[in-house]
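> what's the 3D shape of this:
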Amino acid sequence: MEKSEGRKSVSQARVENGMENPGLELMEGGNLAQRNTLEEVTQGLSLEDGLGHSSLWSRRIFQPFTKARSFFERHAGLFRKILLGLLCLAYAAYFLAACILNFQRALALFVITCLVFFISAYHFLEKFPAKKLIRCLSCFRNFCLRRCLKWVLPGASVVSQILWLVLDTAQRPEQLISFAGICMFILILFACSKHHSAVCWRTVFWGLGLQFIFGILVIRTEPGFNAFQWLGDQIQIFLAYTVEGSSFVFGDTLVYNVFAFQSLPIIIFFGCVMSILYYLGLVQWVIQKIALFLQSKMGTTAPETLAMAGNIFVGLTEVPLLIRPYLADMTISEIHAVMTGGFATIAGTMLGAFISFGIDASSLISASVMAAPCALALSKLVYPEVKESKFKSKEGLKLPRGEERNILEAASNGATEAISLVANVAANLIAFLAVLAFVNATLSWLGEMVDFRGLSFQVICSYILRPMAFMMAVQWTDCLLVIEIVGVKFFINEFVAYQQLIQYKNKRLSGVEEWINGEKQWISVKAEIITTFSLCGFANLSSIGITLGGLTSMITQRKSDLCKIVVRALFTGACVSFISACMAGILYVPRGAETDCVSFLNTNFTNRTYETYVCCRELFQSTSLNGTNMPSFSGPWQDNVSSLRNLASCCDLYTSTVCA
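Numbering: from 1, shown residues only. The predicted model follows:
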């Protein structure tokens with residue numbers, strides 16, 4: 001009884017102080033805040049029975065923390081901006097300190113920072129209100145000005161390219177051979193066109209023009225060449241980190257001496273990195289911007305342009321996945337363009353593998369990028385559009401983000417998916433090298449029956465296709481070896497072809513004599529670069545099955561259309577690589593200072609190198625025998641007291657008539 005009275009007195013006291021009147025407030029339709037107050041008071045009363053005033057005491061202690069938490073939640077955006085600003089200031093201080101201390105050392109950091117700044121600025125400009133932008137550019141609405149931008153600027157670009165070509169080839173007439181090669185391949189493709197009258201020459205000329213302009217920037221201009229050379233060096237440094245993982249798994253001996261453990265793990269590492277970049281959305285962003293640019297200039301549709309831009313980064317079978325929702329409704333011309341792009345370019349993952357072989361990284365990167373607009377142009381030359389496409393708008397240029405939930409899952413999935421690619425590469429190398437050896441042994445056996453020794457698959461290709469290599473500005477003496485490699489690439493695959501190319505390159509760098517027993521042992525630097533461009537693509541017979549298998553699984557109902565155009569797309573993709581090689585032949589110039597052979601031979605040299613061979617050959621050409629025991633020298637060696645000693649050293653390494 002006393003307890004109930006005590007409880008009642010407390011309740012009455014609270015009611016008298018205005019703290020509680022639940023029944024009246026609920027009946028009068030109290031608001032939500034009043035109901036919450038009622039619940040808190042009720043809970044307080046129930047706790048007072050067991051704990052007394054402890055709940056009120058704890059609430060008073062934690063009240064400042066609660067207020068602080070609510071304050072931070074209300075101003076979370078402001079605090080986030082302040083934190084971001086402080087981080088930017090700290091990075092700016094770090095960036096300036098690194099550049100001031102040693103700019104050459106901080107060059108990579110400078111490039112990355114500029115790229116991030118450019119992307120951030122682009123996103124900011126994208127969010128700029130459209131009405132303000134239209135108001136600022138209202139002066140460009142004039143019809144005459146738009147017509148000028150549409151016709152005069154492209155015309156001026158074409159005229160300037162022709163004038164540049166005329167002035168440049170006047171100094172190097174042999175470059176006209178490459179220009180004739182481009183014209184030859186275009187005429188061949190036009191003769192094979194499905195609809196001659198429907199060819200859109202604007203698309204063709206824009207594609208070739210963009211390829212030529214990009215080639216000038218990369219190959220001819222010093223900043224462009226240095227930029228891509230630097231980029232290739234950075235990629236090689238980046239790929240070298242694969243050794244850390246593969247050495248731990250396989251051991252140093254296998255990694256440094258066995259091809260399978262040296263080059264194939266790079267595919268896994270590069271696949272992992274590409275998956276991370278795809279998860280972050282960087283790959284999609286770059287592909288979209290390239291596709292928008294190509295579409296605006298060449299007048300192509302969204303899906304085919306998107307696929308062509310994606311071919312620079314992803315492989316033959318992955319590109320159709322970018323446009324899978326649109327494949328069923330695409331025209332045959334658009335599907336032909338998708339196939340041609342896959343045959344004409346290489347995947348980013350394969351790029352890392354080929355660089356690990358020892359192929360020039362800058363040539364590979366520039367060849368892959370240059371092939372995109374050219375492939376789109378030539379695909380429309382061979383199979384022009386005669387139907388109305390459903391994808392004239394830019395809605396098809398949207399790419400989804402990766403499905404992974406975090407960056408670790410993206411890295412793991414990329415490495416796991418690359419395992420199948422590694423197995424595919426290894427299996428193809430084993431199978432096709434074995435088949436090539438068997439075919440060569442069979443041809444050699446058949447040739448010996450009629451006293452024709454040395455007959456092989458490469459020899460047959462070299463004699464049949466030798467004029468084609470010559471039209472790519474390859475020296476006639478190098479044409480046989482170059483076209484052998486091109487034939488291996490087309491009839492077998494590009495892995496075997498690049499392996500043969502690097503064998504010739506290693507022979508040249510090791511200082512092997514150019515001719516041994518009448519057989520050429522290596523090709524010139526210019527021929528190596530032209531061959532690198534001509535091999536850059538998946539245009540080989542085995543890729544037909546890969547392409548048909550991937551696309552047929554996505555659009556089964558259009559299997560007959562795919563089979564009808566795949567061979568035409570393969571031939572077009574191969575010609576894209578050949579035209580890229582002709583572009584390289586036009587634009588190639590020797591770079592780097594020539595070796596001072598007099599100073600070089602005055603050093604103590606005992607090993608064969610390419611510089612040793614070049615200088616010794618120059619010394620042999622400057623030496624003559626006049627029937628006396630002492631040879632005479634001309635040129636820079638005429639008054640050199642060490643010329644006789646240098647001649648003796650060269651004769652120890654190489655054979656020549658003056659060494660007798």
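
> Check the nearest residue to Asp168 once chain neighbours are set aside and give its pLDDT.
Distances taken as C-beta to C-beta, 6 or more residues apart in numbering put Gln175 closest to Asp168, at 7.0 Å, once the chain neighbours are dropped. Quick note: C-beta positions are derived from backbone N, CA and C, even for glycine. pLDDT for Gln175: 80.

> what's the burial count for Gln175?
Here the count is done by other C-beta atoms under 10 Å, and Gln175 has 20 residues near it.

> Tell me how far the helix or strand hosting Tyr498 lies from the chain's centre.
Per DSSP states H and E: Tyr498 is located in helix 494-509. Taking C-alpha atoms, centre = their mean, to the nearest Å, one finds helix 494-509 lying 21 Å from the centre of the chain it belongs to.

> Could you do stretch 484-501 as well?
Relative to its parent chain, stretch 484-501 has a centroid offset of 21 Å by C-alpha atoms, centre = their mean.

> list the buried ones in that stretch?
484-501 (16 or more other C-beta atoms under 10 Å).

> residue contacts, the closest residue to Asn440 other than its chain neighbours?
Nearest residue to Asn440, sequence neighbours excluded (C-beta to C-beta, 6+ apart): Ser456, at 4.3 Å. Contact analysis of Ser456 by C-beta atoms under 8 Å, 6 or more residues apart in numbering lists 439-440, 443-444.

> Swap in 10 Å and give it another go.
436-437, 439-444, 447, 462, 484 (C-beta atoms under 10 Å, 6 or more residues apart in numbering).

> any chance of these in JSON lines, with pLDDT too?
As requested, the contacts of Ser456 are exported to JSON lines (pLDDT from 0 to 100):
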{"residue": "Leu436", "pLDDT": "78"}
{"residue": "Ala437", "pLDDT": "84"}
{"residue": "Val439", "pLDDT": "86"}
{"residue": "Asn440", "pLDDT": "84"}
{"residue": "Ala441", "pLDDT": "89"}
{"residue": "Thr442", "pLDDT": "90"}
{"residue": "Leu443", "pLDDT": "88"}
{"residue": "Ser444", "pLDDT": "88"}
{"residue": "Gly447", "pLDDT": "87"}
{"residue": "Ser462", "pLDDT": "74"}
{"residue": "Glu484", "pLDDT": "87"}
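
> which regions of the stretch 201-350 of the chain lie under the pLDDT threshold?
259, 317, 349 (pLDDT under 70).

> backbone phi and psi for Gly281, please?
Backbone dihedrals for Gly281, given as degrees, to the nearest 10, come out at phi 90, psi 0.

> What is the burial count for it?
14.

> distance of it from Lys520?
49 Å (C-beta to C-beta, to the nearest Å).

> Leu535 now?
In terms of C-beta to C-beta, Leu535 sits 19 Å off from Lys520.

> Give me the more crowded residue out of the two.
Leu535 (28 against 14).

> quick one, what contacts that one?
346, 354, 359, 364, 367, 482, 485-486, 488-490, 494-495, 497-498, 500-501, 577, 581.

> one more time with 7 Å, if that's ok
By C-beta atoms under 7 Å, 6 or more residues apart in numbering, the residues touching Leu535 are 485-486, 489, 494, 497-498, 501, 577.

> next one: Asp478
Applying C-beta under 7 Å, 6+ apart, the residues near Asp478 are 523-524, 527.

> helix/strand/coil for it?
At Asp478, secondary structure determined by DSSP: H, G, I helix; E, B strand; the rest coil is helix.

> before we move on, what about Lys387?
Going by three-state DSSP, the state assigned to Lys387 is coil.

> Burial check on it, number of neighbours?
Around Lys387 there are 9 residues (other C-beta under 10 Å).

> same thing with the one 4 residues further on?
By the other C-beta under 10 Å criterion, the neighbourhood of Phe391 contains 21 residues.

> So which residues of the stretch 251-400 of the chain form strands?
In the stretch 251-400 of the chain, no strands are defined using DSSP state E, counting those that start in this stretch.

> Would you map out the domains in the protein?
72-131, 173-419+558-587, 425-535, 597-653 (the TED database).

> out of those, deepest packed?
Greatest average neighbour count among the domains of the chain goes to domain 173-419+558-587 (a mean of 20), per mean count of other C-beta atoms under 10 Å.

> would you turn the domains of the chain into CSV with distance to Leu163?
Formatted as CSV, those follow (distance: least, C-beta to C-beta, whole Å):
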stretch, distance to Leu163
domain 72-131, 32
domain 173-419+558-587, 13
domain 425-535, 21
domain 597-653, 35
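
> out of those, nearest to Trp164?
For Trp164, the closest of these is domain 173-419+558-587, at 7.7 Å, according to C-beta to C-beta.

> Relative to Val496, how far out is Ser275?
28 Å.

> I meant to write Phe391 there.
Per C-beta to C-beta, Phe391 is found 38 Å from Val496.

> The helix or strand Thr113 falls within packs against which elements?
Using DSSP H and E, Thr113 sits within helix 107-126. Judged by 3 or more C-beta pairs under 7 Å, 6 or more residues apart in numbering; DSSP states H and E, the packing partners of helix 107-126 are helix 76-101.

> Can you check which helix is longest in the protein?
helix 407-448 (DSSP state H).

> could you give the angle of that one to helix 494-509?
Helix 407-448 and helix 494-509 are oriented at 80 degrees to each other (axes from the mean of the first three to the mean of the last three C-alpha atoms, to 10 degrees).

> Extract the C-alpha trace of the helix or strand following helix 407-448 and format it as CSV.
Later in the chain than helix 407-448, the nearest helix or strand by DSSP H and E is helix 457-470. Listed next in CSV are the C-alpha coordinates belonging to helix 457-470 (Å, rounded to 0.1, in the frame of the first residue of the first chain):
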residue,chain,number,x,y,z
PHE,A,457,55.9,-22.6,-95.0
GLN,A,458,57.7,-19.3,-94.4
VAL,A,459,59.6,-19.6,-97.6
ILE,A,460,56.4,-20.1,-99.6
CYS,A,461,54.8,-17.1,-98.0
SER,A,462,57.9,-15.0,-98.5
TYR,A,463,58.0,-15.5,-102.2
ILE,A,464,54.3,-15.1,-102.9
LEU,A,465,53.8,-12.0,-100.7
ARG,A,466,57.2,-10.3,-101.1
PRO,A,467,55.8,-7.4,-103.2
MET,A,468,53.3,-6.6,-100.5
ALA,A,469,56.1,-6.2,-98.0
PHE,A,470,57.9,-4.0,-100.4
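
> neighbouring contacts of helix 457-470?
Under C-beta under 7 Å, 6+ apart, the answer for helix 457-470 is 436, 439-440, 443, 476, 479-480, 482-484, 486-488.

> Which two among the residues you listed are spaced furthest apart?
Most distant of those, by C-beta to C-beta, are Val439 and Trp476, 26.8 Å apart.

> ok, so what distance separates Val576 from Gly341?
For Val576, the distance to Gly341 - C-beta to C-beta - is 9 Å.

> actually Leu376, sorry about that
Taken as C-beta to C-beta, the span from Leu376 to Gly341 is 7 Å.

> so what sits against both of those two?
The contact sets of Leu376 and Gly341 overlap at Met308 (C-beta under 7 Å, 6+ apart).

> ranges for the strands of the stretch 451-600 of the chain?
515-516, 519-520.

> Kindly reformat those strands as a markdown table containing distance to Leu321 and mean pLDDT.
Compiled in a markdown table, the strands of the stretch 451-600 of the chain are given as follows (distance: least, C-beta to C-beta, whole Å; pLDDT from 0 to 100):
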| stretch | distance to Leu321 | mean pLDDT |
| --- | --- | --- |
| strand 515-516 | 49 | 86 |
| strand 519-520 | 44 | 88 |
